[in-house]
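Engineer: everything below, folded, please.
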Amino acid sequence: MSATQCTSRSRPDPLPIAAQLAAAHGPSAQPEALLVTLGTTLQQALGHILFTVLVFDGAAGQMRRIFSTRPDINPVGGSKPITDSDWMRQVLHRGQPYIGRSRNDLKYAFFDYEQLWAIGCESVLNMPVLWAGRVLGSLNLLHGAGWYDEQDLATAQIFAQLALPALLPPGPATN
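Structural biologist: Residues are numbered from 1 along each chain as shown. Below you'll find the predicted structure:
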């Protein structure tokens, strides 16, 4: 699919899909229940070949993966160093989404681009998760070439903010 075809792809109404994600906040098995539902609902709303959630740890100088739909390629618990790249400044420091539409965009942004290409990923949408003026992490959706565009940003932002509890540090249990 080319970038011009992307804008004509069918996009479902995100509201009932987001409601499914909101309902996933209830089960006690958190954050797993929320993250699994996040992957499923984002597949329905935006589509992805690979979806990961990374938590930003500035003190450790890394991003840690807390969810992956392809643990064989991007295992949970894996980490990526925080660098001074344009991508890191845009997504992690300024809290702005990044859309990469092509293989070259993936090569520009990610050191593991060949691994991503091997499973058919040639575009990306990285949406920061924000709380109290800080970037806590990012939702990372990857798909075929030209899949994501600006029409996907509002939906991705809603889902990112609904994912917020899964990225917050564990607090004291309340009953």
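Engineer: what segments of the protein are strands?
Structural biologist: Along the chain, counting by DSSP state E, strands occupy 50-57, 62-68, 79-81, 98-100, 123-131, 134-143.
Engineer: distance of the spatially most central residue of the chain from Phe51?
Structural biologist: Among the residues of the chain, the one closest to the centroid is Leu139, at 1.6 Å (C-alpha atoms, centre = their mean). Taking C-beta to C-beta, to the nearest Å as the measure, Leu139 and Phe51 are separated by 7 Å. The way it works is simple: take the backbone N, C-alpha and C, and place the C-beta from them, glycine included.
Engineer: okay, and the common contacts of these two?
Structural biologist: Residues touching both Leu139 and Phe51 (C-beta atoms under 8 Å, 6 or more residues apart in numbering): 38, 42.
Engineer: hang on, the earlier thing: in contact with the residue nearest to the centre of the chain, which residues?
Structural biologist: 38, 42, 51-53, 126-127, 129, 156, 159-160, 163.
Engineer: also Asp57?
Structural biologist: 63-64.
Engineer: same question, Leu167
Structural biologist: 53, 55, 66, 129, 131, 136-137.
Engineer: neighbour-wise, which of the contacts of Leu139 leads?
Structural biologist: Counting neighbours by other C-beta atoms under 10 Å, the top entry in those is Met127, with 29 neighbours.
Engineer: run through the bridge partners of that residue.
Structural biologist: Bridge pairing for Met127 (DSSP bridges) gives the partners Leu139.
Engineer: how close does the residue nearest to the centre of the chain sit to Asn104?
Structural biologist: 22 Å.
Engineer: cool, Pro97 as well?
Structural biologist: 19 Å.
Engineer: okay, the two: which has more neighbours?
Structural biologist: Applying other C-beta under 10 Å to Pro97 and Asn104 shows that Pro97 carries more neighbours, namely 19 against 11.
Engineer: pLDDT value on the more buried one, please?
Structural biologist: pLDDT, Pro97: 98.
Engineer: just give the nearest non-adjacent residue to it, would you?
Structural biologist: Met127 (4.9 Å; C-beta to C-beta, 6 or more residues apart in numbering).
Engineer: got the contact list for the one you found?
Structural biologist: 97, 138-141, 153, 156-157, 159-160.
Engineer: would CSV of the residues you listed with distance to Pro27 be doable?
Structural biologist: Formatted as CSV, these follow (distance: C-beta to C-beta, whole Å):
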residue, distance to Pro27
Pro97, 29
Ser138, 24
Leu139, 20
Asn140, 24
Leu141, 24
Leu153, 29
Ala156, 24
Gln157, 24
Phe159, 18
Ala160, 20
